[in-house]
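Student: dropping the sequence and predicted coords here.
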Amino acid sequence: MSAPHPASPEARDRLVLGVVGGSGLYEIEGLTEVEKVALETPFGRPSDAYTVGVLPREGGLPPVRAVFLPRHGRGHVLLPSEINFRANVHGFKQLGVTHLVSVSAVGSLREGIAPGHVVVPDQFIDRTNGRAQTFFGGGLVAHVQMGDPVDAGLRERLLRAAEAEGANIHARGTCVVMEGPAFSTRAESNLYRAWGADVIGMTALPEAKLAREAEIAYALLAMATDYDCWHQSEEEVSVEAVVAVLKANAALSRRIVRRVAAALPLTTAELPYPQALTHALITDPARVPAETRRRLDLIAGHLLPPV
Ligand SMILES: CSC[C@H]1O[C@H](OP(=O)(O)O)[C@H](O)[C@@H]1O
Ligand SMILES: Nc1ncnc2[nH]cnc12
C-alpha cells in the first residue's frame, strides 16, 4: 500500500490504524487482503516487515486499513534498547498510519493493578537513556508539546473496547519507561511508586514522542503481567511469570484491537490526530540544509516552504 504524501488532502483525511505489538503479540487476527511490506527509512530499518491489510468495521462501513508491526521483531529478537523506534514510526508514517495503538507488557506498581488487568495510561515518566528521541536535528530544530502525551480520542476508544471485552480496566495511569533489559532493583521500584507511577515498561518511550513528531495519534494499551519486585507477598518479576500472563493478555489485546478498528470512523475529520508540528518548528527554513530537508520530508515537508 503506498501512502500519499502527508501534505495531500487525501492523506490528511484517510484514517489508517497502526498497531505495534509488544511482548507476546507478534501478529493480529482478522486482517484480510494481507500484504507483507519490508521498508527502509532514512533512519534505518524497522523491527520487521509490516503486515498491511484491512479489518472489518461495524455498521456496514467499509473496512479500515490496518498496519501491524511486532516491536521486537518476529521471534522476539530485539532488546528494548536495540529497537529502532525512529524507523518503526517512520515506516508507519510511510504506510499512511494516522492512529497508532501500542500494546505493551508492563509491571504493576499498585496493589489494585493485578496481573491480567488493562491500563490505558495518560502520562509517562522517561527513565530511558541513550535512545534516539527525535527525528529532528541536522539543522532543523523542533520542540513538540508532550504535556498530554496520549491522544484523548484514541484512549477513549481503547477504554470503550476494553470495557466491552469485560477487561479489568484502569482508565488512566502513569507509566515509567525504563531502559532495561534487567528489571528494576527494589529501591527503584519503590522510588517509582513514591513518584506516583502506576505501571512500568521498557518501550513506550521514545515511541510516543516520535509518534507525536510524526503527527500520528498515539495511545498505549498496557497489559499488566506482574508486580515487579516491590510487592512483599508476590513473586518477584521473571520472564517465566510474564510469559505465562502474556498468553492470556495477548488474546485479550487482539480482541480489544479488533473492537477499536470496528468502531473507527471513516475519516480523520471525526477522529482528528495531532497537528503537533504546526507550532513546533523554530529554524529559519532558509537555513535548513538540503540533505536534512530530504531526510525529514515525510515528517516535516508539509511545513517547510520551498527555498
Ligand atoms: C518480557 S518482559 C520485558 C519486556 O516486555 C515488555 O515489552 P513490550 O513493551 O514490547 O511489550 C517490556 O517493555 C520489555 O521489553
Ligand atoms: N516489571 C516490569 N518492568 C519493566 N518492564 C516490564 N514488562 C513487563 N513487566 C515489566
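Tutor: Received, thanks. Ligands and ions are numbered 1, 2, ... in the order given.

Student: which residues sit against stretch 125-132?
Tutor: The list of residues contacting stretch 125-132 from outside it, by Cβ atoms under 8 Å, 6 or more residues apart in numbering, reads 43, 81, 85-86, 174-179, 192, 195, 197, 202, 205-206. Any C-beta I mention is one placed from the backbone N, CA and C, and that applies to glycine too.

Student: quick one: end-to-end distance for stretch 31-51.
Tutor: Start-to-end span of stretch 31-51 (Cα to Cα, to the nearest Å) is 9 Å.

Student: cool, and stretch 15-28?
Tutor: For stretch 15-28, the first-to-last residue distance is 19 Å (Cα to Cα).

Student: coming back round to it: narrow the contacts of stretch 125-132 to just the buried residues.
Tutor: Of the members of those, the ones counted as buried by neighbours, 16 or more other Cβ atoms under 10 Å, are 43, 85-86, 174-179, 192, 197, 202, 205-206.

Student: what does stretch 157-173 contact?
Tutor: 101, 112-114, 116-123, 198-199, 219, 221-222, 252, 255-257, 259-260, 263-264, 271.

Student: just the buried residues of these.
Tutor: Burial of those was assessed by neighbour count (16+ other Cβ under 10 Å); the buried members are 101, 113, 117-123, 198-199, 219, 221-222, 252, 255-257, 259-260, 263-264, 271.

Student: list the contacts of the longest helix along the chain.
Tutor: Ranked by residue count, the top helix of the chain under DSSP state H comes out as helix 239-262. If you take Cβ under 8 Å, 6+ apart as the criterion, helix 239-262 is touched by 17, 19, 23-25, 28-30, 55-58, 64, 66, 101, 103, 105, 115-116, 118, 154, 157-158, 160-162, 164-165, 167, 221, 223-226, 235.

Student: residue of the stretch 1-150 of the chain closest to ligand 2, please.
Tutor: Closest approach of the stretch 1-150 of the chain to ligand 2 (Cβ to the nearest ligand atom) occurs at G107, with a separation of 2.3 Å.

Student: so which residues on the stretch 151-300 of the chain come close to ligand 2?
Tutor: Residues of the stretch 151-300 of the chain that fall close to ligand 2, judged by Cβ under 6 Å from any ligand atom: M178, F183, I200, G201, M202, T225, D226, D228, V237, V242.

Student: these: which ones sit near ligand 1?
Tutor: Among those, the ones lying near ligand 1 by Cβ under 6 Å from any ligand atom are G201, M202, V242.

Student: closest one to H279 out of the residues you listed, please.
Tutor: For those, the closest approach to H279 (Cβ to Cβ) belongs to G201, at 29.9 Å.

Student: show the pLDDT at that closest one.
Tutor: What the model reports as pLDDT for G201 is 98.

Student: that one: neighbour count?
Tutor: Using other Cβ atoms under 10 Å, G201 has 26 neighbouring residues.
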